[in-house]
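Novice: Please find the sequence and the predicted model below.
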Amino acid sequence: MLKLHEKSGEDTVALMADIGRRARAAARPLAVASTKAKNDALVAMADAILRNEQVILDANAIDMSNGGEAGLSGSFMDRLKLTPSRIKAMADGISEIAALKDPVGDVIAEWDRPNGLHIERVRTPLGVIGVIYESRPNVTADAGALCLKAGNPVILRGGSDSNNSSSAIHACMVEGLKAAGLPQDAIQLVPTTDRAAVGEMLKGLSGSLDVIIPRGGKSLVGRVQNEARVPVFAHLEGICHLYIDRSAKLDMAVKIAVNAKMRRTGVCGAAETLLVDRAVASTHLVPILEALRVAGCEIHADAEVTEAFADASPATDADWVTEYLDAIIAVKLVDDVAGAIEHIETFSSHHTEAIVAEDAQVVEKFFNEIDSAILLHNASTQFADGGEFGMGAEIGIATGKMHARGPVGVEQLTSFKYRVRGSGQVRP
């Protein structure tokens, strides 16, 4: 398991510079590694995680104990916790990534010019990727596997709260690299809890880092976006909306609302605001809210909703812009789909929005007029996940508009270059 390096100051600067140099040195051999070698490494990683389940659970128990003593929130503890089923899902995700098509070398487009030149646009690795994350130890596996598949070395900086868990998982990733004969420095876990390490990554490690991906709370992501000197793939928060249209089937609306909010409240795809068409307030509103209440959800609502549902608390302006990551939801009545779109475009973080409706024209209006990374029809917002999109896993959900948007999987972790083939052409 990784040995923690607890010194700080100049020592951390030197440590991070060395990590960056080693990652850069691994970039070229990894970029040209065969698909078989990468897949062999991924399969070995998945096997190692399953074989070391108890080691990982024991490490996670230490993190959970420390988190409890530190008074971490329930949603934070849920993201931190590992179980046998979550460990299996982690291993399965790596195996799914191994089964994906290798994006490196894929010809995205090709065409011929009148002068006889043949031009190809070809996928290439992005380079060295830095991932900074909080609490979720599974990111160690997801990010390491995805970056490897796309031919990118990765430097992982997990939160101190998940250090023991991440170290145990990282050891399995290194075991896979060794088994396939790939550079062990292709997946590195920063071995210090010194916050100065993050600052060094944000500076780019003297040119060693090509991209940074933060995954965590608003303060972490905001700091990365504000201070990073290299490109960033990120979203600040997931203020996700679920709209129930007048054409929605009640049973479906109830089922989707409860799942979207309560399946896992601590994930970024959890619904935080429920919008209900005023036209069906008398038929749909109370059954949906009652189902949420029974599931353990606290309801903050506008005046019309609190009048119809006594168990709701009055909402404040802050409720419409809060990512609860907890069993709390804000509820509001709106005038048809246009009212829903207006509210979403005003308050959304442009992560994920869903509509429950049977009217095809309403659905098209919702899809066409809302500018969020993921839009769903008659499905839970909890499907905002790279694994559910068939990507094997994801590093995160990007809400920006440059390069990557939505789930960041293997294809999003590549760039491209042009290959131009001629037969002696010169430019006049």
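Specialist: Yes, it's here. Numbering: from 1, shown residues only.
Novice: Might you report the residue contacts of the closest residue to N66 other than its chain neighbours?
Specialist: Nearest non-adjacent residue to N66, counting by Cβ to Cβ, 6 or more residues apart in numbering: D161, 6.9 Å away. C-beta coordinates here come from the backbone N, C-alpha and C atoms, glycine included. By Cβ atoms under 8 Å, 6 or more residues apart in numbering, the residues touching D161 are D63, N66, G67, A70, L72, F76, L80, E134, S135.
Novice: Now tabulate those in a markdown table and tack on pLDDT and neighbour count.
Specialist: Output for these, formatted as a markdown table (pLDDT from 0 to 100; neighbours: other Cβ atoms under 10 Å):
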| residue | pLDDT | neighbour count |
| --- | --- | --- |
| D63 | 95 | 26 |
| N66 | 95 | 16 |
| G67 | 93 | 19 |
| A70 | 93 | 11 |
| L72 | 88 | 18 |
| F76 | 82 | 21 |
| L80 | 92 | 24 |
| E134 | 83 | 21 |
| S135 | 77 | 26 |
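Novice: which two in these are spaced the farthest apart?
Specialist: N66 and E134 (14.1 Å; Cβ to Cβ).
Novice: show me where the stretch 151-300 of the chain has helices.
Specialist: 163-180, 196-202, 218-227, 250-262, 286-294 (DSSP state H, counting those that start in this stretch).
Novice: Now do the buried residues in the longest one.
Specialist: Buried residues in helix 163-180, counted by 16 or more other Cβ atoms under 10 Å: 163-177, 180.
Novice: helices or strands next to that helix in the packing?
Specialist: Packing partners of helix 163-180 (3 or more Cβ pairs under 8 Å, 6 or more residues apart in numbering; DSSP states H and E): helix 35-51, helix 53-70, helix 138-149, strand 187-189.
Novice: Same question for the third one.
Specialist: Contact analysis of helix 218-227 by 3+ Cβ pairs under 8 Å, 6+ apart lists helix 196-202, strand 211-215 as its packing neighbours.
Novice: Count residues in the vicinity of the nearest residue to V267 once chain neighbours are set aside, would you?
Specialist: Among residues not flanking V267 along the chain, Q382 sits closest, at 6.8 Å (Cβ to Cβ, 6+ apart). Q382 is flanked by 22 other residues according to other Cβ atoms under 10 Å.
Novice: swap in the one 5 residues further on?
Specialist: Each residue near G387 was counted by other Cβ under 10 Å, and the total is 18.
Novice: where exactly do the helices run in the stretch 301-428 of the chain?
Specialist: Assigned by DSSP H, counting those that start in this stretch, the helices in the stretch 301-428 of the chain fall at 303-308, 336-347, 360-369.
Novice: can you pull the buried residues of the longest one?
Specialist: Meaning helix 336-347. Neighbour-count burial for helix 336-347, counted by 16+ other Cβ under 10 Å, picks out V337, G339, A340, I341, H343, I344, F347.
Novice: Specify the angle between that helix and helix 360-369 in degrees.
Specialist: Going by axes from the mean of the first three to the mean of the last three Cα atoms, to 10 degrees, helix 336-347 is angled at 20 degrees with respect to helix 360-369.
Novice: ok, residues contacting helix 336-347?
Specialist: Helix 336-347 is contacted by residues 239, 241, 243, 245-246, 273, 275, 277-279, 320-321, 332, 334, 353, 355, 357, 362, 365-366, 369-372 when judged by Cβ under 8 Å, 6+ apart.
Novice: If we use 6 Å, what do you get?
Specialist: The contact list for helix 336-347 (Cβ atoms under 6 Å, 6 or more residues apart in numbering) reads 241, 243, 275, 277, 320-321, 334, 353, 362, 365-366, 369-370.
Novice: from the residues you listed, which is closest to G406?
Specialist: E353 (12.4 Å).
Novice: Run a quick neighbour tally on that closest one.
Specialist: Each residue near E353 was counted by other Cβ under 10 Å, and the total is 29.
Novice: cool, G296 as well?
Specialist: G296 has 10 neighbours, counted by other Cβ under 10 Å.
Novice: any idea how far L250 is from V337?
Specialist: Using Cβ to Cβ, to the nearest Å, L250 is found at 18 Å from V337.
Novice: Could you chop this protein up by domain?
Specialist: Domain segmentation of the chain under automatic domain parsing yields 10-233+408-420, 240-383.
Novice: Tell me which of those approaches G396 most closely.
Specialist: Shortest separation from G396 across the domains of the chain is recorded for domain 10-233+408-420, at 4.6 Å, computed as Cβ to Cβ.
Novice: From the opening residue of that closest one to its closing one, how far?
Specialist: With Cα to Cα, to the nearest Å as the measure, domain 10-233+408-420 spans 47 Å from end to end.
Novice: follow-up on the earlier one: going through the contacts of helix 336-347, which ones are buried?
Specialist: With burial judged by 16+ other Cβ under 10 Å, the buried subset of the contacts of helix 336-347 is H241, Y243, L275, D277, W320, V334, E353, V362, K365, F366, I370.
Novice: looking at the helices and strands packed on helix 218-227, which has the lowest confidence?
Specialist: Across the helices and strands packed on helix 218-227, strand 211-215 has the smallest mean pLDDT, namely a mean of 90.
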